[in-house]
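> this one's structure only:
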């Protein structure tokens with residue numbers, strides 16, 4: 001009765017993010033009840049291996065009492081402290097200093113947000129303010145990657161080059177532009193890394209030339225394109241794009257909302273190749289999804305321009321009620337302690353095993369491409385390996401893949417284009433990895449039995 005009541009109340013009142021609203025009304029909600037480690041239990045009692053860490057975010061896994069206690073203790077002592085009026089709290093201050101120490105050396109100033117979308121909005125506003133302060137009011141154009149994702153806020157969704165987040169929302173805007181994704185599987189230049197990198201640099205240079213270097217403010221990208229299908233660029237892509245931005249006189253912004261905090265192996269994906277961006281956005285793994293929080297990190301050079309831009313005593317006009325929330329900050333500090341106390345290393349070992357096991361899927365008739373970096377993976381489904389033809393949209397392969405995996409006791413991300421995404425918690429064991437891949441293989445075999453795919 002309780003479950004039925006919740007389903008009815010949900011259907012009548014709760015708007016869910018990124019679902020077909022009418023479909024959800026007919027289908028009804030799947031209520032999740034509890035979780036521990038890498039497993040989630042729904043309201044019917046079904047136990048599921050969470051292969052997607054909630055929404056790329058529960059990097060520590062579920063049920064860490066030390067995280068719960070950190071939140072509870074902070075709530076008892078100081079549940080809220082504004083950052084306005086020169087106020088602050090110890091957890092927020094310590095967290096900012098901790099992030100500055102962990103982040104690439106170029107980044108040493110932190111503004112806290114509630115999540116990734118408003119972290120992206122924050123860097124956009126700061127870039128505009130920065131260029132206005134330098135007497136360059138025309139330098140406002142942004143460039144991002146096709147298939148990139150940078151949130152679903154009014155500004156960020158325009159840099160998100162996925163039509164789902166733009167159609168009907170009057171996006172993109174005139175200052176938002178795109179260059180091709182460095183997708184090794186489908187790039188026009190083929191899979192050769194050097195050719196993809198050269199084409200990407202050329203595309204950026206050509207776009208800046210088209211818009212006018214005096215008008216372009218920044219280039220933003222993810223180290224791994226998450227919601228675009230878990231696209232892993234070839235090694236060398238990020239350094240080449242960083243160097244091109246330096247030569248073109250535009251800011252280089254890295255969106256690590258998904259890739260940060262051990263998701264690809266090190267604390268930040270920038271560490272793989274020593275990247276030092278001008279700005280970086282964080283969220284998700286920052287608090288492991290236990291409580292909302294995001295962050296925008298900026299270089300000292302940008303910060304000094306912002307600080308000097310207005311007369312003494314005039315505020316910098318950007319703020320959020322919950323910026324630097326003490327409970328969120330206390331949780332983040334404990335989460336980072338867990339990463340440093342063994343979870344990063346466990347994730348690294350588990351990621352290597354995941355890559356080995358996923359390689360077994362390459363010969364499956366439905367699998368066109370397998371890609372991974374650490375505990376972040378994509379399996380792109382096709383109906384013809386030679387032509388790389390995707391399943392027809394009316395087959396609803398993503399919906400069927402998700403439902404089949406769920407019946408097999410596995411939660412995956414099934415993108416609309418037929419790509420399966422994996423991002424399990426960093427606490428996952430080698431045995432759990434084996435279970436995950438075995439369940440995934442069973443899911444693919446079940447999909448293969450559908451007559452429509454063969455037609």
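Yes, it's here. Everything numeric here is computed off the predicted structure, so don't read it as measured data.

> quick one: the strands in the stretch 151-300 of the chain?
Using DSSP state E, counting those that start in this stretch, the strands of the stretch 151-300 of the chain run over 176-179, 216-221, 251-255, 279-282, 294-299.

> just the mean pLDDT for the third one, thanks.
What it means is strand 251-255. In this model, strand 251-255 has an average pLDDT of 98.

> thinking again about what came up before, can you tell me which of the strands of the stretch 151-300 of the chain is packed in deepest?
Among the strands of the stretch 151-300 of the chain, ranked by average contacts under mean count of other CB atoms under 10 Å, first place goes to strand 279-282 (a mean of 29). The way it works is simple: take the backbone N, C-alpha and C, and place the C-beta from them, glycine included.

> and the contacts of that strand?
Applying CB atoms under 8 Å, 6 or more residues apart in numbering, the external contacts of strand 279-282 come out as 99, 103-104, 107, 116, 119-120, 122-123, 126-127, 150, 218, 251, 253-257, 260-261, 268, 270, 294-299, 302.

> just give me how far it sits from the chain centre.
For strand 279-282, the gap between its own C-alpha mean and the chain's C-alpha mean amounts to 11 Å (CA atoms, centre = their mean, to the nearest Å).

> okay, which residue is most central for the protein?
Geometric centre of the chain, nearest residue: residue 258, 2.7 Å, by CA atoms, centre = their mean.

> which residues does the nearest residue to that one once chain neighbours are set aside contact?
Nearest residue to residue 258 in three dimensions, chain neighbours excluded: residue 226, at 4.2 Å (CB to CB, 6 or more residues apart in numbering). Contacts were defined as CB under 8 Å, 6+ apart; by that measure residue 226 touches 56, 149, 258, 259, 376, 421.

> so the last one touches residue 411, yeah?
No. Under the criterion of CB atoms under 8 Å, residue 421 is not in contact with residue 411, lying 10.7 Å apart.

> anything in contact with each of these two?
Among the neighbours of residue 421, those also in contact with residue 411 (CB under 8 Å, 6+ apart) are residue 52.

> neighbours of the closest residue to residue 308 other than its chain neighbours, how many?
With CB to CB, 6+ apart as the criterion, residue 308 has its nearest non-adjacent residue at 7.4 Å, and that residue is residue 133. Applying other CB atoms under 10 Å, we find 16 residues neighbouring residue 133.

> how about residue 4?
10.

> how about the secondary structure of it?
For residue 4, the assignment made with DSSP: H, G, I helix; E, B strand; the rest coil gives helix.

> how far away is it from residue 34?
Separation of residue 4 from residue 34 (CB to CB, to the nearest Å) stands at 19 Å.

> can you tell me which residues contact the closest residue to residue 191 other than its chain neighbours?
Leaving aside its sequence neighbours, residue 191 sits nearest to residue 184 (CB to CB, 6+ apart; 4.7 Å). Counting by CB under 8 Å, 6+ apart, residue 184 touches 191, 193, 196, 232, 233, 234, 371.
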